[in-house]
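> Here is the input, now give the coordinates:
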Amino acid sequence: MNKIPTGLKRAATLCILKHKNKCLLLKRLKEPNKDNFTPVGGKLDPFENPLKSAIRETFEETGIKVDTMKYCGILTETSPTEYNWTGYVYIADIDFVKPPNCNEGTLMWINFDDLLKVPTPKTD
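This is a model prediction of the structure:
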């Protein structure tokens, strides 16, 4: 597989999962953004559109099946490292569930009022 050149933007999705006044966020286990809280999400597969990627990534990382998500905008990260992203941001209202296991890190419900108190990537 060809390596993506350093500095080239990669396409990804960020999936904000919320229930009432809480967001289900991922405390990341690995870089980029290790130990920071992020929405679930990930890279688009070849020929995959952003919405299908958001739905797939949500299911892969949480086991939660969502049928619809609302598009919120684009987050563009230009960093001094190799992690440069164009992220398609989606939001979905979900039922409250016990945070499932995730191989990407630890999923936790965070109250809206506490979002500024947990470590998050500067771009998020």
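> Poorly predicted segments of this protein, please.
1-2, 4-7, 80-83, 123-124 (pLDDT under 70).
> Now do the strands in it.
Assigned by DSSP state E, the strands in the chain fall at 10-19, 22-28, 37-38, 40-43, 70-77, 85-93, 101-102, 105-111.
> Reformat those as a markdown table; add distance to V118 and mean neighbour count.
Glycine gets a C-beta too; all of them are placed from N, C-alpha and C. Shown next, in a markdown table, are those (distance: least, CB to CB, whole Å; neighbours: other CB atoms under 10 Å):
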| stretch | distance to V118 | mean neighbour count |
| --- | --- | --- |
| strand 10-19 | 14 | 20 |
| strand 22-28 | 8 | 21 |
| strand 37-38 | 5 | 22 |
| strand 40-43 | 15 | 20 |
| strand 70-77 | 18 | 13 |
| strand 85-93 | 18 | 19 |
| strand 101-102 | 16 | 12 |
| strand 105-111 | 6 | 17 |
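> Which one of those lies nearest to N49?
N49 lies closest to strand 85-93 among those, at 9.1 Å (CB to CB).
> Neighbouring strands - and their directions - for the closest one?
The sheet places strand 85-93 alongside strand 10-19 (parallel), strand 70-77 (antiparallel), with pairing taken from DSSP bridges.
> Could you dump those strands into a markdown table and include distance to P121?
Formatted as a markdown table, the strands paired with strand 85-93 follow (distance: least, CB to CB, whole Å):
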| stretch | distance to P121 |
| --- | --- |
| strand 10-19 | 10 |
| strand 70-77 | 8 |
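> For I110, which of these is the nearest?
strand 10-19 (10.0 Å).
> What lies in contact with that closest one?
By CB atoms under 8 Å, 6 or more residues apart in numbering, the residues outside strand 10-19 that reach it are 4, 23-24, 38-44, 50, 53-54, 57-58, 62, 64, 66, 69, 72, 75, 84-96, 109, 124.
> quick one: contacts of stretch 69-80?
9, 14-16, 50-51, 54-55, 58, 83-92, 121, 123-124.
> now do stretch 46-63
Residues external to stretch 46-63 that are found in contact with it (CB under 8 Å, 6+ apart): 11-15, 17, 24, 26, 40-45, 64-67, 69, 71, 88, 90, 92, 100, 102-104, 107.
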